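Participant: Need a 3D model of the following:
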Amino acid sequence: MNTQRPDPLSATFAALADPTRRAILARLAHGEASVKDLAAPFDMSQPAISKHLRVLERARLIERGRQAQWRPRRLRAGPLRDIADWVGQYRRHWEESFERLDAYLRDLQDSEEQKNGDDDDRDTHRSG
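Facilitator: Numbering: from 1, shown residues only. Have a look, this model is predicted:
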């Protein structure tokens, strides 16, 4: 039995894999909210919402606040920044791929324009 916790990046990706949890994070991006407020848009039980919140807390994407009897949840942006940094490593690769695609498309367009120009020249010579 493996009791080792997953690395933080894996925990964040796992938490983000569920659309309900992503919707909860989107709501918390606008400010802290109670569990009741977070549960309102979803057609699910309180225990089901609580499970989603525990997953987000374990991934350190949200935290509980304390204001008297009210225990609002709030977004923690650190793990999302870590995801952005990780994805950013591949940005150079994507940009280079897009640059190669642009060059290829320009070459195709130039070839097509050249071919059409040659066809126009032949038509002119035939009719002249």
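Participant: From here on, just use CA atoms for contacts and neighbour counts.
Facilitator: OK.
Participant: so which helix or strand takes in Trp86?
Facilitator: Applying DSSP states H and E as the criterion places Trp86 in helix 78-88.
Participant: So for that helix, what gets flagged as buried?
Facilitator: Buried positions in helix 78-88, judged by neighbour count with 16 or more other C-alpha atoms under 10 Å: Pro79, Leu80.
Participant: Also compute the angle for whichever helix or strand comes after it relative to helix 78-88, please.
Facilitator: Moving toward the C-terminus from helix 78-88, the first helix or strand encountered (DSSP H and E) is helix 91-127. Orientation note: helix 91-127 sits at an angle of 40 degrees relative to helix 78-88 (axes from the mean of the first three to the mean of the last three C-alpha atoms, to 10 degrees).
Participant: Count the neighbours of Arg64 for me.
Facilitator: With neighbours defined by other C-alpha atoms under 10 Å, the count for Arg64 comes to 16.
Participant: Report the beta-bridge partners for it.
Facilitator: Beta-bridge partners for Arg64, by DSSP bridges, are Arg73.
Participant: residues touching it, list them.
Facilitator: By C-alpha atoms under 8 Å, 6 or more residues apart in numbering, the contact list for Arg64 reads Arg71, Pro72, Arg73, Arg74.
Participant: three-state assignment of the closest residue to Val55 other than its chain neighbours?
Facilitator: Residue nearest to Val55 in three dimensions, not counting chain neighbours: Ala15, with 6.1 Å by C-alpha to C-alpha, 6 or more residues apart in numbering. Here Ala15 is recorded as helix under DSSP: H, G, I helix; E, B strand; the rest coil.
Participant: how far away is Ala15 from Asp43?
Facilitator: The gap separating Ala15 from Asp43 is 19 Å, by C-alpha to C-alpha, to the nearest Å.
Participant: Who has more neighbours out of the two?
Facilitator: In terms of neighbours (other C-alpha under 10 Å), Ala15 is the more surrounded of Ala15 and Asp43; the figures are 23 against 9.
Participant: Please tell me I have it right and that one contacts Glu57.
Facilitator: No. Counting by C-alpha atoms under 8 Å, Ala15 stays clear of Glu57, with 9.3 Å between them.
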